[in-house]
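Colleague: Pasting a predicted model and its sequence here:
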Amino acid sequence: MTNKEKITKIRELAKEKNAVILAHNYQLPEIYDIADFIGDSLELSRKAANTNADVIVFCGVHFMAETAAILSPSKTVLLPDLEAGCSLADSITADQLKMWKSEHPDAVVVMYVNTSADVKALADYCCTSSNAINIVESIPADKEILFGPDMFLGAYVSKRTNRKMHIWPGECHVHAQFRNDHLVNLQKKHPNAELILHPECGCISQCLYMMSDGQLSNAKILSTSGMIAEVKSSESDEFIIGTEIGIIERMKREEPNKKYIPLKEDAICKYMKKINLDNVLLALQNMQHEISIPEDIRKQALLSIERMITIK
Ligand code: SF4
């Protein structure tokens, strides 16, 4: 079957099964071609919760499909490849968090959205990079805080809020590769380029930390949608893109006449790239692989996600 035929078949099946296909910004171009919505994980989960679809095919990674399942318990959530994980989410398990909590029984637990449902269920708050500072600032000053799993985001938030926190030593294998010299060298090479850095998906937290140290100039921290909006509205015609390079495809589609320079050309998430037309087709044909969360875990995890959504 050609890609064109697969795409036609997938769209037919999606219609027949009343399925919505969600694609994270880091997905392959052919997955963009079959998607009903493209965006970041939270944006997509909210979209899914508000559709009348019976089935959600999540073209992203496991914790994202879980978040969709937490927010949409009456829908069937499918992840086309169970190997689509996340190194950041894997850096802390529920057992590890339980142990950490037992060492700090009075602490408030703030966990990044890139975590498993089991970990979210043990947290007081989930956060994104955009609202992590506000969440930490909302916690009474005399409370201990356990923050995880991204150590760079934790260090940045601690610095910005002037708050001592216990920080879990986790990282994303893609974004941990970004280093100061990449940024400095690229800025020298492209002095007129606007530097845009992505605050979500474990993304760019290391760069955020460098910015707080004054090591970077002419940089903006934007969510995925913010990055897309920025390249469309900015007067700049050249951008250095500080995140997984998959998003550049979307930028080229939405604003083709501008130039996009990846901060690091090999910033590729191997987990995101597990999803392809073949496994999406199989997912719809066989209704596989269903992501379901035990109800007690779902309810607990929902609380921490709802707190995250409430604090902007
Ligand atoms: S880019 Fe990093 S944080 Fe995002 S899904 Fe991949 S491994 Fe996880």
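Modeller: Structure's in. What do you need?

Colleague: from here on, contacts and neighbour counts on C-alpha atoms
Modeller: Noted.

Colleague: so where is the stretch 201-312 of the chain shaky, pLDDT-wise?
Modeller: Applying pLDDT under 70 to the stretch 201-312 of the chain flags residues 201-217.

Colleague: Please enumerate the strands of it.
Modeller: 219-221, 238-242, 259-262 (DSSP state E, counting those that start in this stretch).

Colleague: One more: the stretch 51-200 of the chain?
Modeller: 55-59, 76-78, 108-112, 125-127, 145-148, 166-167, 194-197.

Colleague: Could I get the full set of helices for the stretch 151-300 of the chain?
Modeller: 151-161, 180-189, 205-212, 224-233, 247-254, 277-286, 295-310 (DSSP state H, counting those that start in this stretch).

Colleague: contacts for the longest one?
Modeller: In this case it means helix 295-310. Here helix 295-310 makes contact (Cα atoms under 8 Å, 6 or more residues apart in numbering) with 70-71, 117-128, 131, 135.

Colleague: chain center to stretch 293-304: distance?
Modeller: Here the centre of mass of C-alpha atoms in stretch 293-304, compared against the chain's by Cα atoms, centre = their mean, to the nearest Å, lies 20 Å away.

Colleague: Can you identify the element that follows the helix or strand where residue 38 lies toward the C-terminus?
Modeller: With secondary structure defined by DSSP states H and E, residue 38 is part of strand 37-39. Elements were assigned by DSSP H and E; along the chain past strand 37-39, the next helix or strand is helix 41-49.

Colleague: Give me the buried positions along that next one.
Modeller: Residues of helix 41-49 classed as buried by neighbour count (16 or more other Cα atoms under 10 Å): 41, 42, 44, 45, 47, 48, 49.

Colleague: what angle do it and helix 224-233 make?
Modeller: 100 degrees (axes from the mean of the first three to the mean of the last three Cα atoms, to 10 degrees).

Colleague: still on that earlier bit, let's have the strands of the stretch 201-312 of the chain in JSON lines, adding mean neighbour count.
Modeller: Supplementary listing: those in JSON lines, determined by neighbours: other Cα atoms under 10 Å:
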{"stretch": "strand 219-221", "mean neighbour count": "18"}
{"stretch": "strand 238-242", "mean neighbour count": "22"}
{"stretch": "strand 259-262", "mean neighbour count": "19"}
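
Colleague: Mind checking those for the one nearest to the ligand?
Modeller: Each of these was scored for nearness to the ligand using Cα to the nearest ligand atom, and the closest is strand 238-242 (11.5 Å).

Colleague: From the contact counts, what lies against the closest one?
Modeller: Taking 3 or more Cα pairs under 8 Å, 6 or more residues apart in numbering; DSSP states H and E as the contact definition, the neighbouring helices and strands of strand 238-242 are strand 194-197, strand 259-262.

Colleague: What is the burial count for residue 229?
Modeller: Burial of residue 229, expressed as a neighbour count using other Cα atoms under 10 Å, amounts to 15.

Colleague: my bad, residue 296
Modeller: Burial of residue 296, expressed as a neighbour count using other Cα under 10 Å, amounts to 10.
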